[in-house]
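**Q** Sequence plus predicted model, see below.
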Amino acid sequence: MAILKVCGIETEYGIVTRGFEVSPVASSSMLINAYAGSMKQKIGWDFFDEQPSVDVRGAVTGVSYPPEIETHLVNAVLTNGARYYVDHAHPEVSTPECLTPSDIVLYDRAAEEIVRQSIVSVNRLLPEGQEIGTFKNNSDGKGNSYGCHENYLIARELSFGRLAAQITTHFVTRQIFCGAGKVGSENGAPEVPFQISQRADFFEEEVGLETTVKRPIINTRDEPHCDPQKYRRLHVIVGDANMSEVATFLKVGTTSLILALIEDLQYPDWLVLRNPVSQIRAVSHDISLTTMCELQDGRKMTAVEIQQQLLETCRHYLLTHDDPTSGDADKILLEWGSVLDCLESSPENAADRVDWIAKRRILEGFAERHGVASLSAQLRAIDLQYHDMRPDKCLALRVGLRTLVDVDNVLRAITDPPINTRAYFRGTCLSLFPQNIVAANWDSIVIDTGDEILRRIPMMEPLKGTRAIVGDLLASTTTVEELLLRLGATDSPGWDPLMMPEPGW
Amino acid sequence: MAPRDIADYGRNMAEQIRKTTAPTGTSSPQAGGDQEISSKSGQRIKDELDDLLDEIDEVLETNAEDFVNNYVQKGGQ
């Protein structure tokens, strides 16, 4: 049976300096330090369990470029359970682990506000005439791309080969509702005035370990950040960062449902694409949505038709299976069906929720009003400014995108963790005992009690450490020594309080 | 910056934004908005886009060429 789709999003933001020049690593560090400086205590990241170069396929022949761990760069863990750090010359926010796509939207929005607050804080520290700016997009329009990665918890027992073959069809076609839109093309792709996705031009392989060159549609990084006997983390690098909340919701919601389908062996075997690498570009380059995608059995369908088939399969699946998104399934099906109806008949009616359509609407209007040629600097500026994180400049904030989350909840999510994953334990410990926490990462917290040895609390189970399980314990604990005692801490290497049976946890 | 300032800043930012210049005829799926589209006049849709384009003219970076050329991002995943 499919497991609950615990998920998270990591977004690399574009960064620029105006009025001064430093390296992007330096400007990203300044940005994050300006924000982290306002926290009670800056908690570092613990790299103990990081293994980004482990490949799900085991030993693979040929040249491969495993990702590097940059332990010397700025890293902060936030009380909402998120990680805010410098990654490959970009500021990046990883949301805490969330149980539902709705929570992903909430924490992705909180991340945006964290970045906005960081801009205000750092620019106050800079001299007159100097400032740092950030953008939530995935391309500089000059052949450089940076990612918005999704992560989904999946069962270890699932065959990775089957998973890769089947989910690829969704990754190639889902861009019709979660593409962020881009003026022009890059990376040697044929020239187009406008395309659906920011990222599609950068995918050159079907399956692989790389994330910075020769990017694969399916990334094989095998780094579960939890019990490796039970789980994998599917690391999805193929998506665009969305300004639209509905697009983020659909991106994560539809993917979660389809992953559950695959886990339960309910995915239609025939719905697998031939040549997905060329087709991901073809779909992105066709704003008329009429391109036929070829399946392995020779059948041809448009991306909209493939998505309609996936929707119907998920609808049918949910009649007999539990909701893997913990309560969001009905809403996902509703939004998914609605957006596909629009895309099929009148795509312009999805301008209130699909980024590429909203962006195209203003690009076309502007070009017509001012008689501007395609690919001009002004249109590229509109493209870029759509993603500008400055509220007084951001165009996405002006085009009438429908929202899903309440502003007060977003503000709360800047500091408060989700209550129904282990992020609750991480974030609450950080709030309660900032002076005693030396470092933290996804699956452990390192505590300094003042003794000679540091104590590590492992958290290998993503759905333990929730408020329902540890809320009372944390609320009635006043010191870390007491916390360790009540968790039954031992020196045994296999000790993990989150793995202990309830009650007690 | 005091936490209170941050909260106020966030609220102001969040409320300032997300203005309701949604394209006419679009709405949440619950409202069955897609059927309403035909009843909206073409002139109204055009007026809304005109208002939006007026605002974009106001906030668009004055030197588009520099703005675009200066945006170079290397070393991403």
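**A** On my side now, so go ahead.
**Q** Which residue is the nearest non-sequential neighbour of the residue in chain A that chain B sits nearest to?
**A** The nearest approach of chain A to chain B comes at A:Tyr146, 2.4 Å away (C-beta to the nearest C-beta). C-betas here are computed from N, CA, C, even on glycine. Nearest non-adjacent residue to A:Tyr146, counting by C-beta to C-beta, 6 or more residues apart in numbering or on different chains: B:Gly76, 2.4 Å away.
**Q** what's the answer for A:Val16, then?
**A** Per C-beta to C-beta, 6+ apart, closest to A:Val16 is A:Gly133, 4.9 Å.
**Q** again, but for A:Ile306
**A** Nearest non-adjacent residue to A:Ile306, counting by C-beta to C-beta, 6+ apart: A:Thr173, 4.7 Å away.
**Q** quick one: contacts for the one you found?
**A** Shown in contact with A:Thr173 (C-beta atoms under 8 Å, 6 or more residues apart in numbering or on different chains): A:283, A:293, A:303, A:306-307, A:310.
**Q** same question, A:Phe249
**A** For A:Phe249, the contact set (C-beta under 8 Å, 6+ apart) comprises A:101-102, A:104-105, A:331-332, A:335, A:404.
**Q** and A:Thr403, backbone torsions?
**A** Here is the backbone geometry of A:Thr403 (degrees, to the nearest 10): phi -110, psi 160.
**Q** Run a quick neighbour tally on it.
**A** By the criterion of other C-beta atoms under 10 Å in any protein chain shown, A:Thr403 has 16 neighbours.
**Q** about what we covered before: out of the contacts of A:Thr173, which sit inside strands?
**A** A:Cys293 (DSSP state E).
**Q** Looking at the contacts of A:Thr173, which is nearest A:Leu234?
**A** Closest approach between those and A:Leu234, by C-beta to C-beta: A:Leu310, at 16.8 Å.
**Q** Within its local environment, how many residues does the closest one see?
**A** Residues near A:Leu310, counting by other C-beta under 10 Å, number 23.
**Q** pLDDT at it, what is it?
**A** On the pLDDT scale, A:Leu310 is placed at 98.
**Q** Let me know whether it touches A:Phe171 as I believe.
**A** No - counting by C-beta atoms under 8 Å, A:Leu310 stays clear of A:Phe171, with 11.4 Å between them.
**Q** Can you dump the C-alpha atoms of the helix or strand A:Val438 falls within in PDB for me?
**A** In this assignment (DSSP states H and E), A:Val438 forms part of strand A:437-441. What follows is strand A:437-441 as a C-alpha-only set of coordinates in PDB (Å, rounded to 0.1, in the frame of the first residue of the first chain):
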ATOM      1  CA  ILE A 437      21.400  23.000  20.100                       C
ATOM      2  CA  VAL A 438      24.700  22.900  18.300                       C
ATOM      3  CA  ALA A 439      23.500  21.700  15.000                       C
ATOM      4  CA  ALA A 440      20.600  20.000  13.300                       C
ATOM      5  CA  ASN A 441      19.700  18.400  10.000                       C
END
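**Q** which secondary structure element contains the closest residue to chain A within chain B?
**A** Closest approach of chain B to chain A (C-beta to the nearest C-beta) occurs at B:Gly76, with a separation of 2.4 Å. Taking DSSP H and E as the definition, B:Gly76 sits outside all helices and strands.
**Q** Now do the helices in the stretch 151-300 of chain A.
**A** Applying DSSP state H, counting those that start in this stretch to the stretch 151-300 of chain A gives helices spanning A:160-173, A:175-178, A:245-263, A:276-284.
**Q** now those as JSON lines including distance to A:Trp270?
**A** Shown next, in JSON lines, are the helices of the stretch 151-300 of chain A (distance: least, C-beta to C-beta, whole Å):
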{"stretch": "helix A:160-173", "distance to A:Trp270": "10"}
{"stretch": "helix A:175-178", "distance to A:Trp270": "20"}
{"stretch": "helix A:245-263", "distance to A:Trp270": "14"}
{"stretch": "helix A:276-284", "distance to A:Trp270": "15"}
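**Q** Domain map for chain A?
**A** Per the record, chain A has its domains at A:7-411, A:422-503, by automatic domain parsing.
**Q** Any idea which of those gets closest to B:Asn70?
**A** With C-beta to C-beta as the yardstick, what comes closest out of the domains of chain A is domain A:7-411 (6.4 Å).
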